[in-house]
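Undergrad: Sequence and predicted structure, then a few things I'm wondering about:
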Amino acid sequence: MRVLFVCLGNICRSPTAEGVLRHQLTEAGLADVIEVASAGTGDWHVGKQPDSRTRRAAQLRGYDLSSQRAQQVRVEHFNEYDLILAMDKSNLANLQSLRPGHATAELDLFLRRYDGAIDEVPDPYYGGEQGFEQVLDLIEAACRGLVVELKGRL
């Protein structure tokens, strides 16, 4: 099973989701059977680490994002991953327009699927530290639901 999280630049929301899900999968004993990655629909940050504020907020909660490097979504991802989860409606629309007709990956909004209260993970990039904390709160809760679903799929 392979999961790809997608946001705009792959330096805030999607790498946070990747780190949180990896951590939760390790705790659940599933890290060896489920692969997790993240990407951005834009190419501005390719090769860069997650934003320093993202890394700092994650580290304070026990998540290490330091080995992650931003990548851009590629057409191949639509057949390499089983589940591609967008952080917001704009990125979901971008993914839908990139998706080739023969693609096998499921596409959805991450929070709509696993939270239900709200559809989108807000982008904390232009805000203060509290935005990064809010993103972590939302992603941690949604990842718990995702782990339950992934266990059921296995």
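TA: Received the coordinates, thanks. What you are looking at is a predicted structure, and each value in this text was computed from that prediction instead of being measured.
Undergrad: CA atoms for contacts and neighbours, from now on please.
TA: Fine.
Undergrad: In terms of secondary structure, what does the lowest-mean-pLDDT helix or strand in the chain contact?
TA: Of all helical and strand segments in the chain, the minimum by mean pLDDT, DSSP states H and E falls on helix 110-114, at a mean of 86. Applying 3 or more Cα pairs under 8 Å, 6 or more residues apart in numbering; DSSP states H and E, we find helix 110-114 packed against helix 129-153.
Undergrad: can you tell me the average pLDDT over the helix it packs on?
TA: The average of the pLDDT scores along helix 129-153 is 95.
Undergrad: Can you report how many residues neighbour the closest residue to residue 94 other than its chain neighbours?
TA: Setting aside the residues directly before and after it, residue 94 is nearest to residue 41 in space (Cα to Cα, 6 or more residues apart in numbering), at 7.0 Å. When counting by other Cα atoms under 10 Å, one arrives at 21 neighbours for residue 41.
Undergrad: wait, residue 41 sits on residue 75?
TA: No: in this structure residue 41 lies outside contact range of residue 75 using Cα atoms under 8 Å: 11.0 Å.
Undergrad: Apart from its chain neighbours, what residue comes closest to residue 12?
TA: Per Cα to Cα, 6+ apart, closest to residue 12 is residue 54, 5.6 Å.
Undergrad: What number of neighbouring residues does the closest residue in space to residue 106 that isn't next to it in sequence come out with?
TA: Of all residues not flanking residue 106 in the chain, residue 83 sits nearest, at 4.8 Å (Cα to Cα, 6+ apart). Using other Cα under 10 Å, residue 83 is surrounded by 20 other residues.
Undergrad: Likewise for residue 134?
TA: For residue 134, the neighbour count with other Cα under 10 Å is 15.
Undergrad: cool, and the one 5 residues further on?
TA: Residue 139 sits with 26 neighbouring residues when counted by other Cα under 10 Å.
Undergrad: can you pull the contacts of it?
TA: Residue 139 is in contact with 16-17, 20, 111, 121, counting by Cα atoms under 8 Å, 6 or more residues apart in numbering.
Undergrad: Residue 19: what's it in contact with?
TA: When contacts are counted by Cα under 8 Å, 6+ apart, residue 19 touches 63-65.
Undergrad: ok, so of those, who is nearest residue 46?
TA: Proximity of those to residue 46 was ranked by Cα to Cα; the top entry is residue 65 with 15.2 Å.
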